[in-house]
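S.K.: my questions concern the predicted model and sequence given below.
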Amino acid sequence: MSEQTKVLVTGAGGFIGHHLVKDLADRGYWVRGVDIKEPEYEATSAHEFKLLDLVRWENCMEACEGIDEVYGLAANMGGIGFIETHKAEIVRDSTLINMHTIEAARQNNVKRYLFTSSACIYPGHLQKDTKVTPLKEEDAYPAEAEDGYGWEKLYMERVCRHYREDYGLDTRVVRFHNIFGPRGTYDGGREKSPAAICRKVALASDGDDIEVWGDGEQTRSYCYIDDCVEGIYRLMRSDHHDPINLGQDRMISINELVDIVSGIADKRIGKRYDRTKPQGVRGRNSDNTRLREVLKWEPKVSLEEGLEKTYHWIQGELQKKGAIPAVATA
Ligand code: NAD
């Protein structure tokens, strides 16, 4: 970078946005973070942090002013329990946030724009089996996205293409597959499965059962936050416009996930299944062929290593809150 590039990270008070701000600041960018809330667990590394509601057009114009590149991460979202029960709120807020932000980026002559899409755009009928075939980017069509959250993401992917083709805005579209790690939401109803399981195991005593949603045989792949941030950076520096998966391609069941976390916690934990709770698709995995080709890289952090760090962070947070006793470490 000859002159300091100015970047905007929306959703900078959230999980991935907060980590991304730190990474970009460390790489020498001037970073403006925007969110409706400050990061919950650690101060931001952004050079400037604005509390703005990006549903509103004038706030998107303020956020994009003087900016070279936008990383669009703001979204009203959460885990499966949240997205299956708040569809109108999610599509209303995220559509407004994303349409206003991309148009404000165009009007402010932003050069490059990243949209954060999701594995939830993939058709449900390709994810009906626990031993699912990994999902390739072209599997998105004919479309049958996850109702609500997934359709909004798929629609915005297309909006990015239109803005690139018609207005010359240089867009990037990344489809995340279950990103997890420290400083992600772990309670309150918006948390995702790895964080929820780490919390339940941390709160449990040796020999207890924890509640598992569904029969626990549903499968997923999980990508650690440091790999996610590295992948975003590499994609942004590439010239690849089409949507691309960013995730791990090691698939495991929720039951296996519970066993790994129990092992990290050194507790014997049983499972109590609640089949009335939403479990999402039956199986999902990322095909990383294009990721490897385009970025000459793939996620490296093992699930065990990532979960170890995540578990200990959540355990520490629960101790700070007094929800579990502080344990003396050797
Ligand atoms: P997050 O909920 O931690 O972060 C999103 C942030 O957006 C929050 O801090 C929230 O306050 C902010 N936001 C919501 N409404 C806003 C508004 N009106 N104005 C300004 N800010 C607003 O979620 P995350 O996990 O960091 O996800 C970031 C992006 O990645 C989102 O677009 C999400 O859909 C996408 N994604 C994440 C995952 C994952 O596994 N974490 C998977 C697929 C896609």
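M.R.: All right, it came through fine.

S.K.: and the residue in the stretch 1-150 of the chain that the ligand sits nearest to, what does it touch?
M.R.: Closest to the ligand within the stretch 1-150 of the chain is Gly14: 2.0 Å, counting by CB to the nearest ligand atom. C-betas here are computed from N, CA, C, even on glycine. Residues near Gly14 by CB atoms under 8 Å, 6 or more residues apart in numbering: 35, 39, 73-74.

S.K.: please repeat the previous calculation with a cut-off of 10 Å.
M.R.: Neighbouring residues of Gly14 by CB atoms under 10 Å, 6 or more residues apart in numbering: 20, 33, 35-37, 39-40, 73-75, 77, 183-185, 190.

S.K.: could you do Glu89 as well?
M.R.: 76, 82, 148.

S.K.: and if we set it to 7 Å?
M.R.: Asn76 (CB atoms under 7 Å, 6 or more residues apart in numbering).

S.K.: what of Phe176?
M.R.: Contact analysis of Phe176 by CB under 7 Å, 6+ apart lists 116, 118-119, 228, 246-247.

S.K.: that one and Lys6, how far apart?
M.R.: Taking CB to CB, to the nearest Å as the measure, Phe176 falls 25 Å from Lys6.

S.K.: cool, Cys120 as well?
M.R.: 31 Å.

S.K.: when the two are compared, which one has more neighbours?
M.R.: Higher neighbour count among Cys120 and Lys6: Cys120, with 25 against 17, using other CB atoms under 10 Å.

S.K.: contact partners for that one?
M.R.: By CB under 7 Å, 6+ apart, the neighbours of Cys120 are 145-146, 149-150, 153.

S.K.: redo that, cut-off 6 Å
M.R.: 146, 149-150 (CB atoms under 6 Å, 6 or more residues apart in numbering).

S.K.: report the distance from stretch 149-167 to the chain centre.
M.R.: Centre-to-centre, stretch 149-167 and its host chain are 18 Å apart (CA atoms, centre = their mean, to the nearest Å).

S.K.: in that stretch, what counts as buried?
M.R.: In terms of neighbour count (16 or more other CB atoms under 10 Å), stretch 149-167 has its buried residues at 149-157, 159-160, 163-164.

S.K.: quick one: it near the ligand?
M.R.: No. Stretch 149-167 is not in contact with the ligand by CB under 6 Å from any ligand atom; minimum separation 6.9 Å.

S.K.: so which residues make contact with that stretch?
M.R.: Outside stretch 149-167, the residues that touch it by CB under 6 Å, 6+ apart are 83, 90-91, 94-95, 98, 102, 106, 115, 117-118, 120-121, 143, 145, 169, 171, 173, 243.

S.K.: just those residues that are near the ligand?
M.R.: Ser118.

S.K.: following the helix or strand where Val261 lies, which helix or strand comes up?
M.R.: Following DSSP states H and E, one finds Val261 within helix 254-265. Once the chain leaves helix 254-265, the next helix or strand it forms, by DSSP H and E, is strand 270-274.

S.K.: contacts for that next one, please.
M.R.: So strand 270-274 is contacted by 209, 211-213, 215-216 (CB under 6 Å, 6+ apart).

S.K.: quick one: Gly306 and Ile225 touch, right?
M.R.: No. Counting by CB atoms under 6 Å, Ile225 is not a contact partner of Gly306; they are 7.8 Å apart.

S.K.: OK, contacts around Pro278?
M.R.: Taking CB under 6 Å, 6+ apart, we find Pro278 in contact with 80-81, 84.

S.K.: most neighbours, which of these?
M.R.: In terms of neighbour count, Ile80 stands highest of the contacts of Pro278 at 21 neighbours, by other CB under 10 Å.

S.K.: per-residue confidence at it?
M.R.: Per-residue confidence (pLDDT) for Ile80: 89.

S.K.: the residue lying closest to it once chain neighbours are set aside - how many residues pack around it?
M.R.: Closest residue to Ile80 apart from its sequence neighbours, by CB to CB, 6 or more residues apart in numbering: Gly280 at 4.4 Å. Neighbour count for Gly280, taken as other CB under 10 Å: 20.

S.K.: ok, Trp57 next?
M.R.: 14.

S.K.: same deal with the one 4 residues further on?
M.R.: When neighbours are counted by other CB under 10 Å, Met61 registers 16.

S.K.: OK, contacts around Arg234?
M.R.: 295, 297.

S.K.: can the helix or strand harbouring it be said to contact the ligand?
M.R.: For Arg234, the host element (DSSP H and E) is helix 225-237. No. Legend: contact between helix 225-237 and the ligand by CB under 6 Å from any ligand atom is lacking; minimum distance shown is 8.0 Å.

S.K.: list the buried residues of that helix.
M.R.: 225-236.

S.K.: dump those residues into JSON lines; add pLDDT as well.
M.R.: Output for the buried residues of helix 225-237, formatted as JSON lines (pLDDT from 0 to 100):
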{"residue": "Ile225", "pLDDT": "98"}
{"residue": "Asp226", "pLDDT": "98"}
{"residue": "Asp227", "pLDDT": "98"}
{"residue": "Cys228", "pLDDT": "98"}
{"residue": "Val229", "pLDDT": "98"}
{"residue": "Glu230", "pLDDT": "98"}
{"residue": "Gly231", "pLDDT": "98"}
{"residue": "Ile232", "pLDDT": "98"}
{"residue": "Tyr233", "pLDDT": "98"}
{"residue": "Arg234", "pLDDT": "98"}
{"residue": "Leu235", "pLDDT": "98"}
{"residue": "Met236", "pLDDT": "98"}
